[in-house]
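**Student:** Just to be clear, the model below is a prediction. Sequence and coordinates:
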Amino acid sequence: MQRRTLLKLGVVSTVVLVVAGGAAALLSPGLQGGKLSIAGREVFRAVGRAVLDQSLPREDGPRQEALNGLLNRMDELTVALPPHAQAELSQLLSLLASAPGRRTLAGLGEEWSLATEARIQQSLQEMRLSGLVLRRQAYAALHDITAAAYFSDASTWPQLGYPGPVRI
């Protein structure tokens, strides 16, 4: 394949992805009223399962409670973001919630809720090491928001060996 043809293909693919992402954002935003939408919650629940796999309780009931707490703290975090950051996060989540966006950006064929932790971890690792800045930025946002929201709760600190703030 010639270089020009390859460049044209890249430009066309980017335009299609942007248009699809914009349409997905209008149809299913990642945030509504500053809080996670159903689609946003599905993406972050799956990412939470993968990123926090060894930190979450093993038993299903407590594990689901921990994930629900994580999503509630994410709502608190996203409401506090400035409007431009909320808009960017909403676009990212709506893109990742759509099948074309999930496949293109995350490299994940199965739906977030059906993918195993190992498969999501592999997808996140591919995003982290990608040659595309957009994929690396998406990974960083997903990872950092998930970890910050989870470990901001004092009940998770003993797992880290963190005794809490020093009392004077």
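**Tutor:** Great, that's in hand.

**Student:** and G34, how many residues sit next to it?
**Tutor:** The tally of other residues near G34 (other C-beta atoms under 10 Å) stands at 16. C-beta here means a position set from N, CA and C on the backbone, and glycine is covered the same way.

**Student:** List phi and psi for it.
**Tutor:** G34 adopts backbone torsions of phi 80, psi -10, taken as degrees, to the nearest 10.

**Student:** Quickly note the distance from it to L89.
**Tutor:** 10 Å (C-beta to C-beta, to the nearest Å).

**Student:** Mutual contacts of the two, please.
**Tutor:** 78, 81 (C-beta atoms under 8 Å, 6 or more residues apart in numbering).

**Student:** residues in contact with L36?
**Tutor:** By C-beta under 8 Å, 6+ apart, L36 lies in contact with 30, 44, 71, 74-75, 78, 93.

**Student:** List of residues touching the strand or helix carrying Q137?
**Tutor:** Per DSSP states H and E, Q137 falls inside helix 133-151. Defining contact as C-beta under 8 Å, 6+ apart, one finds that helix 133-151 is touched by 43-44, 47-48, 51-52, 55, 66, 70, 73-74, 76-77, 89, 92, 96, 105-106, 124, 126-130, 156-157, 160.

**Student:** ditto for stretch 161-168
**Tutor:** For stretch 161-168, contacts defined as C-beta under 8 Å, 6+ apart pick out 154, 157.

**Student:** Go through it and flag the buried ones.
**Tutor:** By neighbour count on 16 or more other C-beta atoms under 10 Å, the buried set for stretch 161-168 is empty.

**Student:** pLDDT (mean, whole number) over that stretch?
**Tutor:** For stretch 161-168, mean pLDDT is 86.
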